[in-house]
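> no sequence on this one, just coordinates:
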């Protein structure tokens, strides 16, 4: 029996910020009071000269290191919102860095916290259609390069990081669910990014630095009002119901968000994975990182029925149910 997720490896930058230490430099932030809500004690930030491609390469190299030439993926998907350049696409550069064959199908998708399940669904679709035999899905973001260090809301939550997942065609098809409400897209946005920085501007106008902005209240309201019914809908479509799920692995947004979802959905504590304290919110990588850490700690086992669910940028959501 083939497992949908064959293996996961992840990378977190070496530079670690202890949020408790921020009380010394930013006493007005009252960080220790925020910790129960964020759930994040340690943040991981890339080095000033560390690129998104380098973050991606470190995770991908880890998951490929024990594979023979015959076992290599024939498709590479990179999910990122922070490419080093608009052109070329990260996956093309990563294919070269990894030494994958030139026959490898490579493309990027631009999604954040809902990106992992979107990537899984594309991988499954390619394999189901006979286009691909094995897929490498890399999720990576370098958010610290776009966050103002005085922006408390974003600074205390987001970490840089990457995850690489080897995906095979499963014996039993997964169940997916997706949605988007673009009317709320301004709730999370990165100003001064893309070609918007020069559109309509005079020649030689100064270009401002990227600036990630998030309306925490709007995002929280979206999550607790929209997402619970979508999660129930996915469980119904899969025929498992909520009781048939062994472990719920949601996007690791914050303690407050995850605890609110668990309460609204009556998910028992032992079935709800919350893993932010040492890692932080790594956007599209939170789910695969949480999965790998849960496997390493014995919290999840092969054959368990799991539900993955991501929500965020767009504002969008995506979910999947399958046997781990």
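Structure received. Keep in mind it's a predicted model, so treat the numbers as computed, not measured.
> Now do residue 255 against residue 51, distance only.
Using C-beta to C-beta, to the nearest Å, residue 255 is found at 31 Å from residue 51. Quick note: C-beta positions are derived from backbone N, CA and C, even for glycine.
> Repeat that for residue 120.
For residue 120, the distance to residue 51 equals 25 Å [C-beta to C-beta].
> Quick check: nearest residue in space to the residue nearest the centre of the chain, chain neighbours excluded?
For the chain, the residue nearest the mean C-alpha position is residue 284 (1.2 Å; C-alpha atoms, centre = their mean). Nearest residue to residue 284, sequence neighbours excluded (C-beta to C-beta, 6 or more residues apart in numbering): residue 115, at 3.6 Å.
> hang on, isn't that neighbour packed against residue 282?
No. With contact defined as C-beta atoms under 8 Å, residue 115 does not reach residue 282; the gap is 11.1 Å.
> Quote the end-to-end distance of stretch 246-264.
Distance across stretch 246-264, first residue to last, is 18 Å (C-alpha to C-alpha, to the nearest Å).
> With stretch 7-15 instead?
Using C-alpha to C-alpha, one end of stretch 7-15 lies 26 Å from the other.
> picking up where we left off before, do you know the pLDDT at the residue nearest to residue 284?
Residue 115 is assigned 96 on the pLDDT scale.
> ditto for residue 1
Confidence at residue 1, expressed as pLDDT, is 65.
> Ok, residue 206 next?
Confidence score, pLDDT, at residue 206: 78.
> go on, residue 5?
At residue 5, the model reports a pLDDT of 97.
> For it, give me its contacts.
Contact analysis of residue 5 by C-beta atoms under 8 Å, 6 or more residues apart in numbering lists 165-167, 291, 324.
> likewise residue 211?
146, 148, 190-192.
> so how far is residue 294 from the residue nearest to the centre of the chain?
For residue 284, the distance to residue 294 equals 17 Å [C-beta to C-beta].
> Likewise for residue 159?
18 Å.
> helix/strand/coil for residue 36?
Assigned by DSSP: H, G, I helix; E, B strand; the rest coil, the conformation of residue 36 is helix.
> What of residue 21?
Here residue 21 is helix, with the state taken from three-state DSSP.
> swap in residue 97?
helix.
> what sits against it?
Applying C-beta under 8 Å, 6+ apart to residue 97 gives the contacts 53, 57.
> follow-up on the earlier one: let's see if you can find the most crowded of the contacts of residue 211.
Neighbour tally across the contacts of residue 211 (other C-beta atoms under 10 Å): the maximum, 21 neighbours, falls on residue 146.
> quick one: the nearest residue to that residue once chain neighbours are set aside and residue 198, what's the gap?
Using C-beta to C-beta, 6+ apart and skipping residues adjacent in sequence, the residue nearest residue 146 is residue 210, 4.0 Å away. According to C-beta to C-beta, residue 210 stands 14 Å off from residue 198.
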